[in-house]
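>>> How does the following fold in three dimensions:
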Amino acid sequence: GFEVAGRVLTPDGRGLRNGRVTMLDSNGVAQTVTTSSFGYYRFEDVAPGGTFTVSVVSKQYRFGLRTVSVTGSLADLDFVGLE
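Model prediction:
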């Protein structure tokens with residue numbers, strides 16, 4: 001499998017700690033991870049060829065959804081919060 005990783009940032013560019021990042025596959029199966037103290041997250045062993053919807057939930061900020069097709073490892077799937 002592949003790795004999907006990135007960083008979750010506040011609107012002013014700081015890493016967001018304890019954000020919940022969820023990756024939902026086309027069958028409705030979800031995986032959730034929590035961001036590190038500097039806003040980094042990582043999903044490991046992601047099935048190749050799949051299309052996933054990635055979302056972030058935080059108490060302070062809103063984030064847009066992203067849809068990605070995984071054909072290899074992704075290291076820069078970053079999110080920036082909206083006020």
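>>> Excluding residues flanking it in the chain, which one is nearest Arg42?
With CB to CB, 6 or more residues apart in numbering as the measure, Ala5 is the residue that lies nearest to Arg42, at 4.0 Å, once sequence neighbours are left out. Just so you know, the C-beta spots here come from the backbone N, C-alpha and C atoms, and that holds for glycine as well.
>>> what's the one you found in contact with, if anything?
Taking CB atoms under 8 Å, 6 or more residues apart in numbering, we find Ala5 in contact with Tyr40, Tyr41, Arg42, Phe43, Ser73, Leu74, Ala75, Asp76, Leu77.
>>> Quick one, which of those are buried?
Taking 16 or more other CB atoms under 10 Å as the criterion, what is buried in the contacts of Ala5 is Tyr40, Tyr41, Phe43, Leu74, Leu77.
>>> Which of the helices or strands spans the closest residue in space to the first one that isn't next to it in sequence?
When the adjacent residues along the chain are set aside, Tyr40 lies closest to Arg7, with 5.3 Å between them (CB to CB, 6+ apart). With elements delineated by DSSP states H and E, Arg7 resides in strand 2-9, which encompasses its position.
>>> which pair in the contacts of Ala5 spans the largest distance?
Distances among the contacts of Ala5 were taken as CB to CB; the most separated pair is Tyr40 and Ser73, at 14.8 Å.
>>> where does Ala47 land on pLDDT?
If you check Ala47, the pLDDT there is 88.
>>> Run a quick neighbour tally on it.
11 (other CB atoms under 10 Å).
>>> got the contact list for it?
Contacts of Ala47 by CB under 8 Å, 6+ apart are Gly1, Phe2, Asp25, Val70.
>>> Relative to Phe38, how far out is it?
Using CB to CB, to the nearest Å, Ala47 is found at 28 Å from Phe38.
>>> quick one on the thing from earlier: among the buried ones among the contacts of Ala5, which are in strands?
In strands, defined here by DSSP state E, the members of those are Tyr40, Tyr41, Phe43.
>>> would you turn the residues you listed into TSV with pLDDT?
TSV is the format used below for these (pLDDT from 0 to 100):
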residue	pLDDT
Tyr40	98
Tyr41	98
Phe43	97
